[in-house]
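Undergrad: quick one: sequence and predicted model below, then my questions.
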Amino acid sequence: MSGTRRVAVLPAGSWGTTFSKVVADAGADVVLWTRRPELAATIQEQRVNPDYLPGLRLPDGVRATHDVREALSGAEFVVIAVPSQTLRENLVSWRPHLPRTATFVSLMKGIELGTAKRMSEVIAEVVGVDADQVAVVSGPNLAHEIAQEQPSATVVACSDHDRAVMVQQTCRTAYLRPYTNSDVVGCELGGAIKNVIALAVGIAGGMGFGDNTRASLITRGLTEMARLGVSLGAEPGTFAGLAGLGDLVATCSSPLSRNRTFGERLGRGQTLRQVLDETRQIAEGVKTCRSVLDLGHRAGVYMPITAAVVQICHEGASAASIVRAMMAREAKAE
């Protein structure tokens with residue numbers, strides 16, 4: 001692709017910093033926005049983000065700034081990687097500087113609390129752009145592995161096929177292979193719900209349960225994900241692909257998964273507050289489980305694993321009591 005393409009990435013967390021490396025390696029000019037001026041200065045001077053990816057040298061094509069206006073000026077692609085529940089407030093603060101003709105790329109995996117809206121829907125609503133201007137990147141995207149240039153694949157979903165192809169070209173490297181998909185609903189739901197299932201897998205692991213339990217939760221979690229997705233208009237095949245099964249397996253299996261490791265602490269008996277106090281990075285599934293369950297209720301879809309995670313995280317239920325209750329449910333056909 002042409003090296004003149006301008007990409008703004010906001011902000012400089014693990015995935016945002018990694019994606020800025022990816023698109024720079026693909027040939028783009030990248031401006032990475034940081035919340036703190038001192039971090040921007042460090043990245044500029046040392047070519048490293050010590051807070052999130054220590055030891056990883058960023059390409060010369062990545063420039064860091066604390067000035068959001070500078071970051072967004074002239075950007076053809078605006079890549080957003082904030083925690084999902086902060087998206088709306090961030091967009092409102094950035095809105096005066098957002099280029100309305102840009103392609104907006106969501107790296108986020110969550111459902112907004114209260115509205116039960118997907119991240120692409122929040123972007124389109126707040127920025128005031130058409131839905132086909134928003135693309136979604138999903139799949140097994142463990143940031144540290146991609147940053148280390150381990151071979152990976154991902155999905156770029158957009159209702160505008162030509163725009164999806166442009167984003168695909170903008171992030172295609174020797175180590176990251178992006179595929180296009182038109183099923184934005186399915187890709188976003190897969191990305192959000194897999195975090196909830198990973199919490200459940202982590203809780204089970206923390207309680208000492210093994211591979212049979214993990215495999216059962218992953219498989220039934222995939223069913224839960226697909227059942228909700230299809231009811232909301234997603235394509236069933238999406239959940240058998242990278243944005244469904246691929247992302248689910250990676251997030252439920254990897255020690256790099258924040259959601260799985262967060263769940264393990266809960267399974268060992270720590271309270272939500274104790275884990276939050278000890279954990280610096282955000283496990284998206286902790287908040288998203290409530291909005292996913294809300295979405296399920298609105299769609300009339302039964303989601304027992306999601307409901308169990310909500311009970312453990314937010315309603316004070318013990319993991320042991322929830323496991324007993326789930327195993328005692330009425331027998332049925334698969």
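TA: Good, I have the coordinates. All values reported here derive from a predicted model rather than from experimental measurement. Residues are numbered from 1 along each chain as shown.

Undergrad: for the closest residue to S73 other than its chain neighbours, which residues are in contact?
TA: Taking CB to CB, 6 or more residues apart in numbering as the measure, S73 lies nearest to H97, with 7.5 Å between them; neighbours along the chain are not counted. Backbone N, C-alpha and C define where each C-beta goes, glycine included. By CB atoms under 8 Å, 6 or more residues apart in numbering, the residues touching H97 are 68-69, 72-73.

Undergrad: using TSV, lay out those residues together with secondary structure and neighbour count.
TA: TSV is the format used below for the contacts of H97 (DSSP: H, G, I helix; E, B strand; the rest coil; neighbours: other CB atoms under 10 Å):
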residue	secondary structure	neighbour count
V68	helix	21
R69	helix	11
L72	helix	21
S73	coil	14
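
Undergrad: what's the closest of these to T101?
TA: Minimum distance to T101 across those is 12.0 Å, recorded for L72 (CB to CB).

Undergrad: hang on, isn't that closest one packed against P99?
TA: Yes: taking CB atoms under 8 Å as the contact criterion, L72 and P99 are neighbours in contact, 6.3 Å apart.

Undergrad: quick one, strands of this structure?
TA: Defined through DSSP state E, the strands belonging to the chain, from first to last, are 6-10, 29-33, 62-65, 77-80, 103-106, 134-138, 152-157, 176-181.

Undergrad: so which of those strands gets nearest A308?
TA: When the strands of the chain are compared by CB to CB, strand 134-138 sits nearest A308, at 24.2 Å.

Undergrad: name the strands paired with the closest one and say parallel or antiparallel.
TA: Strands that pair with strand 134-138, judged by DSSP bridges, come out as strand 103-106 (parallel), strand 152-157 (antiparallel).

Undergrad: residues in contact with it: which ones?
TA: With CB under 8 Å, 6+ apart as the contact definition, strand 134-138 has outside contacts at 19, 103-107, 109, 119-120, 123-124, 154-158, 163-164, 167, 171, 178, 184, 187-188, 190-191, 242-243, 247.

Undergrad: ok so, going back, between the strands of the chain, which one is nearest to V323?
TA: Each of those was checked against V323 via CB to CB, and the shortest separation belongs to strand 134-138, namely 29.8 Å.

Undergrad: quick one, what contacts T34?
TA: Going by CB under 8 Å, 6+ apart, the list of residues near T34 reads 11-12, 40, 43, 64-66.

Undergrad: wait, F239 sits on G190?
TA: Yes: between F239 and G190 a contact is recorded at 6.1 Å, counting by CB under 8 Å.

Undergrad: neighbour-wise, which of those two wins?
TA: G190 (30 against 27; other CB atoms under 10 Å).

Undergrad: please state the backbone phi and psi of the closest residue to G296 other than its chain neighbours?
TA: For G296, ignoring the flanking residues on the chain, the nearest one in space by CB to CB, 6+ apart is M303 at 4.2 Å. The phi and psi values for M303, taken as degrees, to the nearest 10, are phi -130, psi 80.

Undergrad: count of neighbours near M303?
TA: M303: 24 surrounding residues under other CB under 10 Å.

Undergrad: my guess is it contacts E224. True?
TA: Yes: M303 sits in contact with E224 when judged by CB under 8 Å, with a separation of 5.2 Å.
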